[in-house]
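> Any chance you can model this:
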Amino acid sequence: MLLICSGFASADESDFLKPRNNDAFDNYMLQAARFEAQLFKHDKPSAFDAYFIGPLKPSEIRATYERNELAAKKKYTNHSIRIKGEISSINENAFGNGYIVAVDRVSRVSALEGIHLQINKNDPVYLELGKGDSIDAICQVGTYTLGIPSMSKCFLTSSMFRPEVFNNFTFNLIGNPLLKAKTISVENIAKIKVRPLLKTFIVYASSYKDNEDGNERACRNDDATCEAALMHNLETSTSRFPDAHQQDFNALGARLRELWEK
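Have a look, this model is predicted:
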């Protein structure tokens, strides 16, 4: 979808994306966030990719720290890191905190050559895991002590779909590009600095508007029918809305570039 310069202007160049029914639109974007999360979980390209480093093997993280701790911290700080490996052990340290020793899958290295993933030991999900199980986790940068990287605030990627995690993490993560109806404005769209996320918002918003009557009916009250409508739109998109409003997209693109250049 091209956003090219045009002389067309309006009071707010994003008006053509604003829905008639805010609740239906917001539900549609909720289903879109869940769909993007499913893509991410199954290693498919998704809007989440712009936020993550990885997936990385434990040996890759360890090698980065061994080469240069300062460079490793700079690389990983302020990023979420997806780590895929195998559990060597699940332990509790001297301070009573839980952690997993993770190594590469199907590797013959010892636990001493792994990395530590700091976890919430009170989460019952970890009671079901054990040595030799696969681990797919999302972590933040942690410490590097005695040659062992210890990644902090780790949780299983699969746990993103638990309500308490999904509501907090997913919307913090993807809530910016998938703007709620009341927050749609040129200024807010301009805050989406990462181009893949801008494209994500444009694609989903335009797919909603492409068949607004049907999407509004499907998404007004029910998650299941709304999800079905989203899937149908993604499978059968004809881009009628973008084609019909190319001048609107051109004007929006021109205005966004003006704001980004300030």
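> Now Asn137: which helix or strand?
One correction, residue 137 is Ala, not Asn. strand 134-145 (DSSP states H and E).
> Pairing partners for that strand, with directions?
Strand 134-145 pairs in its sheet with strand 80-92 (antiparallel), strand 148-156 (antiparallel), by DSSP bridges.
> For that strand, what is the distance to the chain centroid?
Distance of strand 134-145 from its chain centroid, counting by C-alpha atoms, centre = their mean, to the nearest Å, is 17 Å.
> contacts for that strand?
52, 55, 65, 69, 72-73, 76-77, 79-87, 100, 102, 105, 116-118, 129, 149-158, 160 (C-beta atoms under 8 Å, 6 or more residues apart in numbering). To be clear about C-beta, it is placed using only N, CA and C from the backbone, and glycine gets the same treatment.
> Where does the record place the domain boundaries for the chain?
With domains defined by automatic domain parsing, the chain comprises 15-49+161-261, 52-159.
> Okay, now the first one: how far is its last residue from its first?
Looking back up the chat, that one is domain 15-49+161-261. Criterion C-alpha to C-alpha, to the nearest Å; first-to-last residue distance in domain 15-49+161-261 is 22 Å.
> how many degrees apart are the longest helix seen in the chain and strand 80-92 in direction?
In the chain, taking DSSP state H as the definition, the longest helix is helix 22-41. Note on geometry: by axes from the mean of the first three to the mean of the last three C-alpha atoms, to 10 degrees, helix 22-41 and strand 80-92 are set 70 degrees apart in direction.
> As PDB, could you dump the C-alpha coordinates of stretch 141-155?
Taking Å, rounded to 0.1, in the frame of the first residue of the first chain, the C-alpha atoms of stretch 141-155 are listed here in PDB:
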ATOM      1  CA  VAL A 141      18.200  -8.300  29.900                       C
ATOM      2  CA  GLY A 142      19.600  -9.300  33.300                       C
ATOM      3  CA  THR A 143      23.000  -9.800  34.900                       C
ATOM      4  CA  TYR A 144      26.200 -11.500  33.900                       C
ATOM      5  CA  THR A 145      27.900 -13.100  36.900                       C
ATOM      6  CA  LEU A 146      30.700 -15.600  37.000                       C
ATOM      7  CA  GLY A 147      30.500 -16.000  33.200                       C
ATOM      8  CA  ILE A 148      26.800 -16.900  33.200                       C
ATOM      9  CA  PRO A 149      24.100 -14.700  31.600                       C
ATOM     10  CA  SER A 150      21.000 -14.500  33.800                       C
ATOM     11  CA  MET A 151      18.000 -13.100  31.900                       C
ATOM     12  CA  SER A 152      15.300 -11.400  33.900                       C
ATOM     13  CA  LYS A 153      11.500 -11.300  34.000                       C
ATOM     14  CA  CYS A 154      11.100 -14.400  31.900                       C
ATOM     15  CA  PHE A 155       7.800 -16.000  31.100                       C
END
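> picking up where we left off before, buried residues in the strand holding Ala137, which are they?
Neighbour counts over strand 134-145 (16 or more other C-beta atoms under 10 Å) mark Ile135, Ala137, Ile138, Cys139, Val141, Gly142, Tyr144 as buried.
> I'd like to know which of those is nearest to Lys262.
Val141 (32.1 Å; C-beta to C-beta).
> picking up where we left off before, for the domains of the chain, give me CSV that also has mean pLDDT.
CSV is the format used below for the domains of the chain (pLDDT from 0 to 100):
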stretch, mean pLDDT
domain 15-49+161-261, 80
domain 52-159, 90
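> Now do the SS call for the spatially most central residue of the chain.
Nearest to the geometric centre of the chain sits Phe48, at 2.6 Å (C-alpha atoms, centre = their mean). Judged by DSSP: H, G, I helix; E, B strand; the rest coil, the three-state class of Phe48 is helix.
> That one and Cys139: what is the separation?
Phe48 sits 15 Å away from Cys139, going by C-beta to C-beta, to the nearest Å.
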